[in-house]
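Participant: I'll drop the sequence and a predicted model, then ask my questions.
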Amino acid sequence: MNVGGGSKKKSQRNKKDSQLVVGINKQERDAFIAICDEMDTSASREVRRFIREFLKQHPPDSD
């Protein structure tokens, strides 16, 4: 019985094992977080979504 609700493979694939620190002015940060709250999402989730979409549009070189 899987009490966690998800498979182990899925959790390993989506593991967040790194951080990105971004410098941004306080007004932009506060406005972004407020909009995310209104949309019932998180700033982190939206930044991750942006990065994934960006990488789809601009695939990294596979050297």
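Facilitator: Here it is on my side, so go on.
Participant: so where is the protein shaky, pLDDT-wise?
Facilitator: Across the chain, the ranges flagged by pLDDT under 70 are 1-12, 62-63.
Participant: and the longest helix for it?
Facilitator: Ranked by residue count under DSSP state H, the longest helix found in the chain is helix 43-57.
Participant: contacts for it, please.
Facilitator: With contacts defined as C-beta atoms under 8 Å, 6 or more residues apart in numbering, helix 43-57 is touched by L20, V22, F32, I33, C36. For the C-beta atoms, the positions are set from N, CA and C on the backbone; glycine is no exception.
Participant: for burial, what's the neighbour tally of the nearest residue to the last one once chain neighbours are set aside?
Facilitator: Going back to what we said before, that points to C36. Among residues not flanking C36 along the chain, A43 sits closest, at 5.0 Å (C-beta to C-beta, 6 or more residues apart in numbering). For A43, the neighbour count with other C-beta atoms under 10 Å is 14.
Participant: how close does A43 get to R52?
Facilitator: Look at A43 and R52: by C-beta to C-beta, to the nearest Å, they are 15 Å apart.
Participant: can you tell me the SS state at the residue nearest to S42 when sequence neighbours are not counted?
Facilitator: Once flanking residues are discounted, S42 sits nearest to C36: 5.9 Å by C-beta to C-beta, 6+ apart. Under the three-state scheme (DSSP: H, G, I helix; E, B strand; the rest coil), C36 adopts helix.
Participant: quick test: name the residue nearest the centre of the chain.
Facilitator: Ranked by distance to the mean C-alpha position of the chain (C-alpha atoms, centre = their mean), the top residue is R48 at 2.2 Å.
Participant: from Q27, how far out is that residue?
Facilitator: Counting by C-beta to C-beta, the gap from R48 to Q27 is 23 Å.
Participant: in this structure the residue nearest to S42 contacts R29, no?
Facilitator: No. C36 is not in contact with R29 according to C-beta atoms under 8 Å; the separation is 10.6 Å.
Participant: more neighbours, the two?
Facilitator: When C36 and R29 are compared for neighbours, C36 comes out ahead with 16 against 13, by other C-beta under 10 Å.
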